[in-house]
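Participant: Predicted model follows, preceded by the sequence.
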Amino acid sequence: MSDWQARIEMLRFLERVQLQQLALTGRWIEHAEQRATKASTEDAPDPQWMLDGGAPVSRTVHRDPGCFALRSPRGAPARSISREEAVAAITQGGATACEVCRPDTALGVLE
């Protein structure tokens with residue numbers, strides 16, 4: 001087998017691998033689109049507001065699920081809450097507003 005034939009064979013192999021990867025990426029896109037469609041039709045709380053912490057004295061409200069301060073060492077899982085629940089948690093529920101993402105400012109409730 002000549003050098004050119006070996007090179008062509010390697011390139012054909014590479015092409016097959018890339019086509020498989022492209023098909024896999026297409027399946028990921030379809031799955032993400034299906035989840036996005038499903039999420040938009042569900043009546044879930046607005047995921048923009050998150051409640052972190054366990055005991056009422058250590059709870060924190062976050063504005064964004066991507067807030068880097070959300071993962072606390074307390075170990076209690078954070079959960080999505082509605083805007084109304086976020087306001088109530090800060091004003092009546094004893095929760096504090098995150099000092100990083102400042103949900104109190106976005107909610108119009110300054111501590």
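Facilitator: Yep, it's here.

Participant: Which stretches in this structure count as strands?
Facilitator: For the chain, strands defined by DSSP state E occupy the ranges 49-52, 60-62, 79-81, 96-97.

Participant: Single out the most deeply packed of these.
Facilitator: Among these, ranked by average contacts under mean count of other CB atoms under 10 Å, first place goes to strand 60-62 (a mean of 25). Heads up, the C-betas are built off the backbone N, CA and C, glycines and all.

Participant: Need the contact partners of it.
Facilitator: Strand 60-62 has contacts (CB atoms under 8 Å, 6 or more residues apart in numbering) with 49-53, 69-70, 72, 78, 81, 86, 89-90, 95-98, 101, 103-104.

Participant: at 7 Å what do you get?
Facilitator: Applying CB atoms under 7 Å, 6 or more residues apart in numbering, the external contacts of strand 60-62 come out as 49-53, 70, 86, 89-90, 95-98, 101, 103.

Participant: Likewise for stretch 13-32?
Facilitator: Applying CB under 7 Å, 6+ apart, stretch 13-32 turns out to have no external contacts.

Participant: so how far is it from its chain's centroid?
Facilitator: A distance of 24 Å separates the centroid of the chain from that of stretch 13-32, by CA atoms, centre = their mean, to the nearest Å.

Participant: So for it, mean pLDDT?
Facilitator: Throughout stretch 13-32, pLDDT has a mean value of 95.

Participant: Which positions in that stretch come out as buried?
Facilitator: The neighbour-count check on stretch 13-32 (16 or more other CB atoms under 10 Å) flags nothing as buried.

Participant: Now render the strands of the chain as JSON lines, adding distance to residue 24 and mean pLDDT.
Facilitator: Below are the strands of the chain laid out as JSON lines (distance: least, CB to CB, whole Å; pLDDT from 0 to 100):
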{"stretch": "strand 49-52", "distance to residue 24": "32", "mean pLDDT": "86"}
{"stretch": "strand 60-62", "distance to residue 24": "34", "mean pLDDT": "89"}
{"stretch": "strand 79-81", "distance to residue 24": "30", "mean pLDDT": "86"}
{"stretch": "strand 96-97", "distance to residue 24": "42", "mean pLDDT": "88"}
